[in-house]
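Sharing a model prediction with you, sequence too.
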Amino acid sequence: MLRSSPSLDSASKRVPHRGALVDRFGRVHRDLRISLTDRCSLRCTYCMPAEGVPWLAKGNILTTDELERVARVAASLGITEVRLTGGEPLLRPDVVDVVRRMARIEGEQGPLEVSMTTNALRLPQLAGELAAAGLARVNISIDTLRPERFAELTRRDRLDDVLDGIDAARTAGFDPIKLNAVPMRGVNDDELVDLLRFAVARGAELRFIEQMPLDAGHVWSRVEMVRGEEILKRLSAAFRLTPIGERGAAPAERFLVDDGPATVGVIASVTAPFCGACDRVRLTADGQLRNCLFAREESDLLALLRGDADDDAIAELMRRCITGKRAGHGIDDEGFLQPDRPMSAIGG
Ligand code: SAM
Ligand code: SF4
């Protein structure tokens, strides 16, 4: 079969249905996380080293046409949501175009829902354009409200830019805005209540994420990690938290704050894994498909995209990648090995 041209196919937008991405455990995959770049404007200690980052080869970074093609094939396999991440996705010069092209792809249940996880530094410049291009939702990372602490934690003195970015997201009409925070012992674990007050005051939903073993320095420690239970205990001292119940494939366990409407989420990926309901698959900026954040193997889509493979071959590789997915991330297994890539190079 001839390799289909992205421009021709994107003109018709609607993609043929090729069946669903179902793994050996019956999990149907709907959510594709695409890393747009491994570059970042911050250097969060739990994610990147201070210096000496082994950058991906520039020539291997997927082009916009290649990204669109992968998303289109994924939509034909039942993917309904694309989350753009990184590294810092807003560092990609063509990010608005990527959003526009993704948001036009029609899947089984209508256009792909396109969302983004960002550090917000470039939102003051880009939020309006991104909204107009079809970006549906943003998740913004903010781990501290104290400028000096922010500078230490991210190794860059840019808290004001993040705060401006959050305001810009609101002005652009993103709703809900989700905020992500990773509590770290002795670093920001005394700020959990302040962070939630901040989020509630801005009508944003805060989600606390347990720190995972994905740091470039491989110094993560389970003993040091602030556990989901501890997060809830600390918050409960200041707020009345009522569980919201059913979470489906969503990673966050959510609670009403002081009877609502504000909510808070806790993503206890380590101590209460939600692997049984996982519907996510990841594409790195250099075209490697990963069936789990903690996968040790990758499927080389880049080689297919740069060769003469047709869309069926790409779909087949995606299917094989999902078939090989393990039941869980295995952080607790004896012999667990942290992935070689840091979070910034996988795409969070
Ligand atoms: N640069 C963007 C940002 O920070 O939002 C997107 C990429 S970042 C890798 C995506 C998310 O992963 C962020 O919310 C970040 O806090 C989270 N993250 C990074 N390293 C982590 C780790 N070791 N454990 C838990 N979450 C982590
Ligand atoms: Fe950059 Fe996001 Fe990693 Fe922080 S968490 S270093 S902002 S990619």
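The structure has been received and is ready for your questions. Residues are numbered from 1 along each chain as shown. Ligands and ions are numbered 1, 2, ... in the order given.

How about the secondary structure of Phe208?
strand (DSSP: H, G, I helix; E, B strand; the rest coil).

Do you know the pLDDT at it?
pLDDT for Phe208: 98.

which residues does it contact?
By CB atoms under 8 Å, 6 or more residues apart in numbering, Phe208 lies in contact with 181-183, 192, 228, 231, 264-267. C-betas here are computed from N, CA, C, even on glycine.

Can you tell me how far it is from Glu229?
Distance, Phe208 to Glu229, using CB to CB, to the nearest Å: 11 Å.

does Glu81 really touch Ile34, like I thought?
No: taking CB atoms under 8 Å as the definition, Glu81 is not a contact partner of Ile34, at 10.7 Å.

re the thing from before, possible to save the contacts of Phe208 as JSON lines with pLDDT and secondary structure?
Putting the contacts of Phe208 into JSON lines (pLDDT from 0 to 100; DSSP: H, G, I helix; E, B strand; the rest coil) gives the following:
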{"residue": "Ala181", "pLDDT": "98", "secondary structure": "strand"}
{"residue": "Val182", "pLDDT": "97", "secondary structure": "coil"}
{"residue": "Pro183", "pLDDT": "97", "secondary structure": "coil"}
{"residue": "Leu192", "pLDDT": "98", "secondary structure": "helix"}
{"residue": "Gly228", "pLDDT": "94", "secondary structure": "helix"}
{"residue": "Ile231", "pLDDT": "97", "secondary structure": "helix"}
{"residue": "Val264", "pLDDT": "97", "secondary structure": "strand"}
{"residue": "Gly265", "pLDDT": "96", "secondary structure": "strand"}
{"residue": "Val266", "pLDDT": "96", "secondary structure": "strand"}
{"residue": "Ile267", "pLDDT": "93", "secondary structure": "strand"}
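
Next, format the residues you listed as CSV and append neighbour count.
CSV is the format used below for the contacts of Phe208 (neighbours: other CB atoms under 10 Å):
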residue, neighbour count
Ala181, 23
Val182, 21
Pro183, 25
Leu192, 23
Gly228, 20
Ile231, 22
Val264, 26
Gly265, 20
Val266, 24
Ile267, 20
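
Let me have those in TSV, extended by distance to ligand 2.
Below are the contacts of Phe208 laid out as TSV (distance: CB to the nearest ligand atom, whole Å):
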residue	distance to ligand 2
Ala181	11
Val182	8
Pro183	14
Leu192	18
Gly228	19
Ile231	18
Val264	20
Gly265	18
Val266	18
Ile267	14
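
among those residues, which are within reach of ligand 1?
Restricting the contacts of Phe208 to those touching ligand 1 (CB under 6 Å from any ligand atom) yields Val182.

is any part of stretch 193-210 close to ligand 1?
Yes: Stretch 193-210 lies within reach of ligand 1 by CB under 6 Å from any ligand atom, at Ile209.

Thanks a lot, see you next time.
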